[in-house]
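Peer 1: Predicted structure and sequence below. I'll ask about it afterward.
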Amino acid sequence: MLRFSKVGYRVNGCEVLRDLSFDVEKGQTLVLLGRSGSGKTTALKMVNALLTPSSGEVLVEGRATSAWDPIELRRRIGYVIQETGLFPHFTVAANVGVVPRLNGWAPERIAARVDELLTRVGLPAGEYGRRYPRELSGGQRQRVGVARALAADPPILLFDEPFGALDPVTRIEVRREYTALARDLGKTTLFVTHDVREALELGDRIGLLAFGQLQELMPAAEFTGARSAEALAFLKCLDDGPA
Amino acid sequence: MRPGLAHDILDLTSEHLVLVLTAMAIACAIGVPLGIVLTRRESWRSPVLGVANILQTIPSLALFGFLIPIPLIGGIGPRTAVVALVVYALLPILRNTMTGILGVDAAVRESATAMGMTPRQILRQVELPLAARTILAGIRIATVTTIGTATIAAAIGGGGLGVFIFRGVASVDTVQILAGAVPAALIALIADGGLGWIERKLAA
């Protein structure tokens, strides 16, 4: 479904990613875990062609991202980022309905879909649909971001530290809701985080990145047994109390 | 009140308005698209803004004078005046369009791209609406200055309320000067208030 094949990326002579290869099977979630600057966000942005690999290729549904029409590719991929990127001048309902509208759905169908999704993320459209993003709390905005990414039912989802800016209590709440949702949806998902708990909770598999290279790639269930230095550093966070 | 003065005030006020509105329409038609282009081509920014800046610093009376001998756009009359006014109005519109669009949150632009919006859709549905307030603020500044500068158009036969002012200065006639200055100030205040009101509406 999603394959990185010997992907490298350099900016100004600086190597951000080196020889990155992995697969994400249909319906599976791979978590890319790593510190800031490890290259995980860079890798993520290659999937929806926001960035282009300097070497190697990223294959989406068997086709290299460079061979896709970027617009068509992006409409098939839901994208959620930490800052949400909600349109401040659109209501919550309009934000969720962006991609369906771009895809030319009929207004009634969009409205029904927006209703369905907002209810699903716990923000009933009757109460929240007409509000603007600035009138929501951080957790609510993030929920809208998730609903927006799901709107056109894309087969692939990308998450870049979606819960990173939330306070710890809200983060755990929203993450728990999302885990339940993800289980239902069974989307092919690439999820970037620096939080090892989040990785263990959400991932079917975990890929650990450091300095642009994969240190580990294993089922999440086995990650606590990983022995590379970077993995041990991350696992140590588990002992240090709640993140 | 002198006979015919009220009538003259009305005539020259409407001339003045035509000058200002024509110049502003042209300045917006050039400034906004050019401002958008500048957000797309970084290398054009400093040369274009530099030229606009330099034009802005030419004293208005001198600029009107410079334009007279230039064929097509120059000569005596309102056409030359409009050209000079456009030159002055351009910079604030250009600069505010550019800064307004560049000021759009990078995360918002990135998610618009990631959702599969085309550059044109991003411009029309995201960047322009979010920059509208800043762009309008530029248009507002330009309009108010243009209303004032347009009084100098009379020096090159462009008409407008400046006719009163120049006539008044030449004949040391305060009433004539006021007949030009007061309506011009009123127009400027009304334009400023009106555009400011729209600006606040956009913010809400």
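Peer 2: Good, I have the coordinates. Bear in mind the structure is a predicted one, so any value in this text is a computation, not a measurement.
Peer 1: Would you mind measuring the gap between the ends of stretch A:31-47?
Peer 2: 14 Å (Cα to Cα, to the nearest Å).
Peer 1: Low-confidence stretches in chain A?
Peer 2: A:241-243 (pLDDT under 70).
Peer 1: Which residue does it have closest to chain B?
Peer 2: Taking Cβ to the nearest Cβ, chain B has its nearest neighbour within chain A at residue A:85, 2.9 Å off. In short, each C-beta sits where N, CA and C put it, glycine included.
Peer 1: in which helix or strand would I find that residue?
Peer 2: For residue A:85, there is no host helix or strand (DSSP states H and E).
Peer 1: my guess is it meets residue B:113, correct?
Peer 2: No - in this structure residue A:85 lies outside contact range of residue B:113 using Cβ atoms under 8 Å: 9.6 Å.
Peer 1: The two: who's more crowded?
Peer 2: A direct count of neighbours by other Cβ atoms under 10 Å in any protein chain shown for residue A:85 and residue B:113 places residue A:85 higher, at 25 against 22.
Peer 1: Next, that one: phi, psi?
Peer 2: Taking degrees, to the nearest 10, you get phi 60, psi 20 for the backbone angles of residue A:85.
Peer 1: Find the nearest non-adjacent residue to it, please.
Peer 2: Leaving aside its sequence neighbours, residue A:85 sits nearest to residue B:111 (Cβ to Cβ, 6 or more residues apart in numbering or on different chains; 2.9 Å).
Peer 1: how far out from the middle of the chain is the lowest-mean-pLDDT helix or strand in chain B?
Peer 2: Least confident helix or strand of chain B, by mean pLDDT, DSSP states H and E, is helix B:60-67 with a mean of 85. Centroid displacement of helix B:60-67 relative to its chain, using Cα atoms, centre = their mean, to the nearest Å, is 17 Å.
Peer 1: Flag every buried residue along the helix or strand just after it.
Peer 2: Sequence-wise, the next helix or strand downstream of helix B:60-67 (DSSP H and E) is helix B:78-102. Buried residues in helix B:78-102, defined by neighbour count with 16 or more other Cβ atoms under 10 Å in any protein chain shown: B:78, B:80-102.
Peer 1: picking that back up, what helices and strands are in contact with the least confident helix or strand of chain B?
Peer 2: Packing partners of helix B:60-67 (3 or more Cβ pairs under 8 Å, 6 or more residues apart in numbering or on different chains; DSSP states H and E): helix B:78-102.
Peer 1: And the next helix or strand after the helix it packs on, what does it pack against?
Peer 2: Remark: after helix B:78-102, the chain's next helix or strand is helix B:106-114, criterion DSSP H and E. With contacts taken as 3+ Cβ pairs under 8 Å, 6+ apart, helix B:106-114 sits against strand A:77-81.
Peer 1: And whatever helix or strand comes next after the strand it packs on, how far out from the chain middle?
Peer 2: Next helix or strand after strand A:77-81 toward the C-terminus (DSSP H and E): helix A:92-96. Relative to the mean C-alpha coordinate of its chain, helix A:92-96 is positioned 19 Å out (Cα atoms, centre = their mean).
Peer 1: cool, stretch B:74-93 as well?
Peer 2: Worked out by Cα atoms, centre = their mean, stretch B:74-93 lies 9 Å from the chain centre.
Peer 1: next one: stretch A:127-147
Peer 2: Centroid separation for stretch A:127-147 versus its chain: 18 Å, with Cα atoms, centre = their mean.
Peer 1: what number of residues lie near the residue lying closest to residue A:154 once chain neighbours are set aside?
Peer 2: Using Cβ to Cβ, 6+ apart and skipping residues adjacent in sequence, the residue nearest residue A:154 is residue A:78, 4.5 Å away. A total of 28 residues lie near residue A:78 under the criterion other Cβ under 10 Å.
Peer 1: Quick check, residue A:78 in contact with residue A:147.
Peer 2: No - applying Cβ under 8 Å as the test, residue A:78 and residue A:147 come out as separate, 9.8 Å apart.
Peer 1: Would you tell me which helix is longest in chain A?
Peer 2: Counting residues, the longest helix found in chain A (DSSP state H) is helix A:168-185.
Peer 1: List the buried residues of that one.
Peer 2: A:170, A:171, A:172, A:173, A:174, A:175, A:177, A:178, A:181, A:182.
Peer 1: tell me which of the residues you listed is nearest to residue A:58?
Peer 2: Nearest to residue A:58 out of the buried residues of helix A:168-185 is residue A:182 (Cβ to Cβ; 21.9 Å).
Peer 1: any idea how far the nearest residue to residue B:159 once chain neighbours are set aside lies from chain A?
Peer 2: In space, and not counting its chain neighbours, residue B:159 is closest to residue B:15: 4.3 Å by Cβ to Cβ, 6+ apart. Distance, residue B:15 to chain A, by Cβ to the nearest Cβ, to the nearest Å: 39 Å.
Peer 1: ditto for residue B:170
Peer 2: From residue B:170 to chain A the distance is 53 Å (Cβ to the nearest Cβ).
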